[in-house]
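Visitor: Next one to model:
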Amino acid sequence: MFARRAHALSTSEPALAAVATAGTLLLCGLASTKLGVTCVLVPLGAVLGYILLRRPVAMTALVVGLAILCEGSTFGLLTFTSNLYTSIYKNLTPLDGLVVLMLISIGWDVSRNRRQLQLPRVLVLPSIFLALGMLAGAITGWGSGQSIKFVVLSENLLLYLLLLPLAVANLNVDRRQIKLLLGGAFALAIVKAVLGLLEVSSGHGVSIEGSVTLTYYEPAANWLITIGVLVIFAAIVARVRPPLWMLLGSPLLVASLLLSYRRSFWIAAVLGLMLVFLLGTSPVGRRMLVPTALLIAGAILLLGSINFQSQLPIVKRATSLSPTDLQSNVEDRYRLDERANVLAEIKRHPISGLGIAVPWQATVRTLSTEHEAGRQYVHFAALYFWLKLGILGLFAYISIIVASMVLAWRAWRRSREPMLRAFALASLCGAAGLVVLDTTASFTGVDARFTVIFGAQLGLLALLVRTAPVPAEDAPEELAAPA
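Guide: Below is the predicted model:
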């Protein structure tokens with residue numbers, strides 16, 4: 001009798017939910033006429049926030065999805081999405097609030113379900129270096145005259161890098177759910193590619209080379225699309241048939257990346273593709289890596305010698321990588337001058353660095369141009385970490401990159417599902433490309449959206465390692481250590 005009543009109740013839940021939804025909307029409509037929309041949206045937002053706090057996977061997908069979809073001020077379409085990154089207090093943004101809610105949601109889920117907190121061994125050393133570096137950078141910055149509140153709040157993006165991988169690694173998901181999350185990320189990459197191509201075709205994008213517009217200037221979308229391209233290539237190299245919708249969307253990814261005109265991402269993508277080919281093929285295919293590299297180098301040299309290169313924006317952008325063009329380009333020359341000045345500052349403060357929120361000075365070379373807040377930024381991530389956090393910051397950055405490669409390698413070698421293996425291999429080869437990216441601009445721990453995506457990616461790789469079947473002989477050494 002009780003079972004029949006429970007079954008009847010469960011089958012009536014959709015109808016009850018529909019009635020409750022209709023009644024809620026009716027009450028909201030009546031209330032908004034009396035109290036205004038804001039008075040209605042605030043409690044509804046609070047209820048929605050509470051629901052999401054109790055569903056950490058949904059909360060994580062929401063925060064990362066918003067960081068992917070919502071572009072900054074450089075994107076001409078859907079300009080309202082940049083409000084997610086508008087400063088509301090001391091450089092803190094709504095994205096910071098969402099990340100905090102996500103961390104609370106995951107922590108609450110671990111606590112109330114009494115799960116053991118998992119701390120992947122490979123992330124222990126990077127976390128220690130980064131935490132100590134943040135402490136040292138804050139103390140040094142405060143000692144240089146900066147407000148302690150401003151210094152602490154300026155470390156918000158570094159806090160992303162510290163906590164996001166550990167938090168995502170503690171999500172209570174199985175491998176089927178991980179595949180769904182990765183499929184959703186790939187779908188978002190296709191959506192971003194379509195929006196980027198619409199940006200170019202409508203002429204709303206940022207101008208490049210004085211004549212054409214690009215898809216995405218900011219790194220988040222370009223990184224996601226690069227990983228998507230590497231995933232498809234890794235699947236093809238492994239002779240795995242990806243879903244048809246992924247194959248149909250891959251030309252859009254390539255077109256968007258090509259029309260981004262971001263030379264560093266082109267180089268990272270080519271390097272990643274070569275590494276995927278090297279690691280993912282048979283020994284016969286690996287022997288073809290050297291001839292392929294020589295062919296690519298020959299093609300670059302050939303493009304540089306053809307007279308018509310200036311007629312094609314893509315070729316013109318590629319040939320601008322030559323040393324003479326780097327010297328003549330104002331922005332590229334600025335990077336060289338900036339690096340000389342930053343290296344001089346590090347030479348004067350090799351152990352402590354300058355500290356958080358302390359600007360570097362142009363004492364060695366006069367800058368060709370000035371940028372807003374440019375003295376707080378470095379176009380080289382390893383030097384940025386060293387300058388801001390001291391020598392511990394340099395160790396933290398190097399160990400984070402190495403840890404990302406180790407996690408990706410272990411996830412690739414342990415996984416049995418073809419598309420999960422393709423994601424892990426793409427992440428491994430993409431991490432090598434990230435080293436190239438971070439030598440031309442600082443993204444890791446510096447750009448908010450990129451750091452959210454990269455932190456979630458590290459967490460997913462840790463989940464793949466933790467949920468994969470482990471050979472008995474590897475168990476004592478490889479398993480994650482409970483905190």
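Visitor: Low-confidence stretches in the stretch 101-250 of the chain?
Guide: Along the stretch 101-250 of the chain, the model assigns pLDDT under 70 to residues 208-211.
Visitor: go again using 90 as the cut-off
Guide: Low-confidence segments of the stretch 101-250 of the chain, defined by pLDDT under 90: 113-119, 144-150, 152-154, 199-218, 238-242.
Visitor: Would you map the strands across it?
Guide: Assigned by DSSP state E, counting those that start in this stretch, the stretch 101-250 of the chain shows strands spanning 118-119, 207-208, 212-213.
Visitor: Who's the closest spatial neighbour of residue 356, skipping the chain neighbours?
Guide: residue 141 (3.8 Å; CB to CB, 6 or more residues apart in numbering). Every C-beta, even on glycine, is put in place using the N, C-alpha and C of the backbone.
Visitor: Now for that neighbour, how many residues are close by?
Guide: 25 (other CB atoms under 10 Å).
Visitor: show me the contacts for it.
Guide: 151, 154, 354, 355, 356, 357, 358 (CB atoms under 8 Å, 6 or more residues apart in numbering).
Visitor: what's the spacing between it and residue 273?
Guide: 41 Å (CB to CB, to the nearest Å).
Visitor: How about residue 164?
Guide: Taking CB to CB, one finds residue 164 at 27 Å from residue 273.
Visitor: between those two, which one's more packed in?
Guide: residue 164 (26 against 21).
Visitor: The residue nearest to that one when sequence neighbours are not counted and residue 440, how far apart?
Guide: Nearest residue to residue 164, sequence neighbours excluded (CB to CB, 6+ apart): residue 455, at 3.0 Å. To residue 440, residue 455 is 21 Å away according to CB to CB.
Visitor: Can you show me the strands along the stretch 301-450 of the chain?
Guide: Secondary structure of the stretch 301-450 of the chain by DSSP E, counting those that start in this stretch: no strands are present.
Visitor: Show me the shaky parts of it.
Guide: Using pLDDT under 90, the stretch 301-450 of the chain drops low at 301-341, 357, 359-380, 432-433, 435-442.
Visitor: Could you pull out the helices in it for me?
Guide: Using DSSP state H, counting those that start in this stretch, the helices of the stretch 301-450 of the chain run over residues 313-319, 323-328, 330-348, 381-389, 391-414, 418-440, 448-467.
Visitor: now do the stretch 51-200 of the chain
Guide: Counting by DSSP H, counting those that start in this stretch, one finds helices in the stretch 51-200 of the chain at the ranges 56-69, 94-112, 121-143, 148-153, 156-168, 175-202.
Visitor: Buried deepest among these, which one?
Guide: Mean neighbour count (mean count of other CB atoms under 10 Å) peaks for helix 156-168 among those, with a mean of 23.
Visitor: show me what contacts the closest residue to residue 136 other than its chain neighbours?
Guide: The shortest distance from residue 136 to any non-neighbouring residue, by CB to CB, 6+ apart, is to residue 390 (5.2 Å). Contacts for residue 390 (CB under 8 Å, 6+ apart) come out as 133, 136, 137, 140, 349, 351, 352, 353.
Visitor: how does it look with 7 Å?
Guide: Applying CB atoms under 7 Å, 6 or more residues apart in numbering, one finds that residue 390 lies in contact with 133, 136, 137, 140, 351, 352, 353.
Visitor: What backbone torsions are found at the closest residue to the fourth one other than its chain neighbours?
Guide: This points to residue 140. What sits nearest to residue 140 in space, not counting adjacent residues and going by CB to CB, 6+ apart, is residue 355, at 3.1 Å. Backbone torsions for residue 355, taken as degrees, to the nearest 10, come to phi 100, psi 160.
Visitor: ok, residue 355 to residue 399 distance?
Guide: Taken as CB to CB, the span from residue 355 to residue 399 is 21 Å.
Visitor: Of these two, which one has the most company?
Guide: Between residue 355 and residue 399, residue 355 has the larger neighbour count (other CB under 10 Å), namely 23 against 20.
Visitor: tell me the contacts of residue 432?
Guide: 271, 272, 275.
Visitor: again with residue 90
Guide: Applying CB under 7 Å, 6+ apart, the residues near residue 90 are 149, 150, 153.
Visitor: re earlier: so which of the helices of the stretch 51-200 of the chain gets nearest residue 342?
Guide: helix 121-143 (15.2 Å; CB to CB).
Visitor: still on that earlier bit, generate a markdown table for the helices of the stretch 51-200 of the chain, with distance to residue 465 as supplementary columns.
Guide: Output for the helices of the stretch 51-200 of the chain, formatted as a markdown table (distance: least, CB to CB, whole Å):
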| stretch | distance to residue 465 |
| --- | --- |
| helix 56-69 | 18 |
| helix 94-112 | 18 |
| helix 121-143 | 8 |
| helix 148-153 | 33 |
| helix 156-168 | 12 |
| helix 175-202 | 11 |
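Visitor: Of all the ones you listed, which one comes closest to residue 339?
Guide: Using CB to CB, the helices of the stretch 51-200 of the chain put helix 121-143 closest to residue 339, at 20.1 Å.
Visitor: What is the burial count for the closest residue to residue 334 other than its chain neighbours?
Guide: Nearest residue to residue 334 in three dimensions, chain neighbours excluded: residue 368, at 5.0 Å (CB to CB, 6+ apart). As a burial measure, residue 368 scores 15 neighbours (other CB under 10 Å).
Visitor: out of residue 455 and residue 440, which sits in the more crowded spot?
Guide: The neighbour comparison of residue 455 against residue 440 (other CB under 10 Å) goes to residue 455, with 25 against 18.
Visitor: per-residue confidence for that one?
Guide: What the model reports as pLDDT for residue 455 is 96.
Visitor: so who does it touch?
Guide: Counting by CB under 7 Å, 6+ apart, residue 455 has contacts 160, 161, 164, 165.
Visitor: which residue sits closest to residue 98, ignoring its sequence neighbours?
Guide: With sequence-adjacent residues excluded and distances taken as CB to CB, 6+ apart, residue 98 is closest to residue 63, at 4.7 Å.
Visitor: So the one you found is in contact with residue 99, correct?
Guide: Yes. Judged on CB atoms under 7 Å, residue 63 makes contact with residue 99 at a distance of 6.1 Å.
Visitor: any common contacting residues for those two?
Guide: residue 452.
Visitor: one step back: distance of the residue nearest to residue 98 relative to residue 142?
Guide: 30 Å.
Visitor: Kindly report the same for residue 351.
Guide: For residue 351, the distance to residue 142 (CB to CB) stands at 17 Å.
Visitor: Next: residue 405.
Guide: Counting by CB to CB, the gap from residue 405 to residue 142 is 34 Å.
Visitor: picking that back up, just the contacts of residue 455 now: which is nearest residue 363?
Guide: residue 161 (29.7 Å).
Visitor: Grab the nearest non-local neighbour of that closest one.
Guide: The spatially closest residue to residue 161, leaving aside those adjacent along the chain, is residue 445, at 4.3 Å (CB to CB, 6+ apart).
Visitor: Also residue 410?
Guide: residue 465 is the one closest to residue 410 (CB to CB, 6+ apart), at 4.8 Å.
Visitor: per-residue pLDDT, the one you found?
Guide: Looking at residue 465, its pLDDT stands at 94.
Visitor: tell me the contacts of it?
Guide: By CB under 7 Å, 6+ apart, residue 465 lies in contact with 120, 407, 410, 411, 414.
Visitor: I'd assumed residue 96 was in contact with residue 86.
Guide: No. Counting by CB under 7 Å, residue 86 does not reach residue 96; the two are 11.1 Å apart.
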